[in-house]
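Trainee: need a structure here:
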Amino acid sequence: MIVRYLERSRDLGKTLGFTGFDVVELPESRATRALDRKQEEGRLLLSRLEGMTFIALDETGQSPTSDAFAQWHSNFRDNGTRNLVFVLGGADGLDSTVIKAAHTKLAFGAMTLPHQLARIVLCEQLYRAMTLLAGHPYHRA
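Mentor: Residues are numbered from 1 along each chain as shown. Just a heads-up that it's a prediction; the model follows:
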């Protein structure tokens, strides 16, 4: 399902000036304690994200409408952002250093979602954002 949304986003996004819809998964820490795992994963994430604009998925983040989410993309593109990255934490969540370094935070509501489901929701919303910006009838709400 993720692949389908990414392919559709990539195809439609090209016509709107967007490129590169990909999923990159980093290795999970093998540390025993949750705090140590989060910190180790946080260091790895921050080293990979250096110089990039990124949005952390976090329960304390904004919960924009789909229209507002599409507008975020348009604004980032129009302001020259070359790489916009959405960061999902592992089972223990994101380390506070990652959340603090993020450009902004995004939440999919108050409920906690499993990592894989959050990834699907994010990919679908990326595709929905592209359809909204293109005036495509996919978004009917």
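Trainee: only C-alpha atoms for contact and neighbour calcs from this point on.
Mentor: OK.
Trainee: could you point out which element follows the strand ranked longest in the chain?
Mentor: What stands out as the longest strand in the chain, according to DSSP state E, is strand 53-62. Using DSSP states H and E, the helix or strand that follows strand 53-62 in sequence is helix 66-78.
Trainee: now what about the helix or strand just after that next one, what contacts it?
Mentor: For helix 66-78, the following helix or strand on the C-terminal side (DSSP H and E) is strand 84-87. Here strand 84-87 makes contact (Cα atoms under 8 Å, 6 or more residues apart in numbering) with 52-57, 76.
Trainee: so where do the helices sit in the chain?
Mentor: Ranges of helices in the chain, per DSSP state H, are 2-15, 34-48, 66-78, 96-101, 115-134.
Trainee: winner for burial among the ones you listed?
Mentor: helix 115-134 (a mean of 19; mean count of other Cα atoms under 10 Å).
Trainee: format the helices of the chain as TSV; extra columns: distance to Arg140 and mean pLDDT.
Mentor: TSV is the format used below for the helices of the chain (distance: least, Cα to Cα, whole Å; pLDDT from 0 to 100):
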stretch	distance to Arg140	mean pLDDT
helix 2-15	17	93
helix 34-48	36	95
helix 66-78	11	96
helix 96-101	33	97
helix 115-134	9	94
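Trainee: tabulate those (JSON lines), appending distance to Leu84.
Mentor: Listed next are the helices of the chain as JSON lines, based on distance: least, Cα to Cα, whole Å:
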{"stretch": "helix 2-15", "distance to Leu84": "13"}
{"stretch": "helix 34-48", "distance to Leu84": "13"}
{"stretch": "helix 66-78", "distance to Leu84": "8"}
{"stretch": "helix 96-101", "distance to Leu84": "14"}
{"stretch": "helix 115-134", "distance to Leu84": "12"}
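Trainee: state the distance from His103 to Leu84.
Mentor: 10 Å (Cα to Cα, to the nearest Å).
Trainee: compare the two (neighbour count), which wins?
Mentor: For the pair His103 and Leu84, the greater number of neighbours falls to Leu84 (17 against 13), based on other Cα atoms under 10 Å.
Trainee: I'm done for today, thanks for sticking with me.
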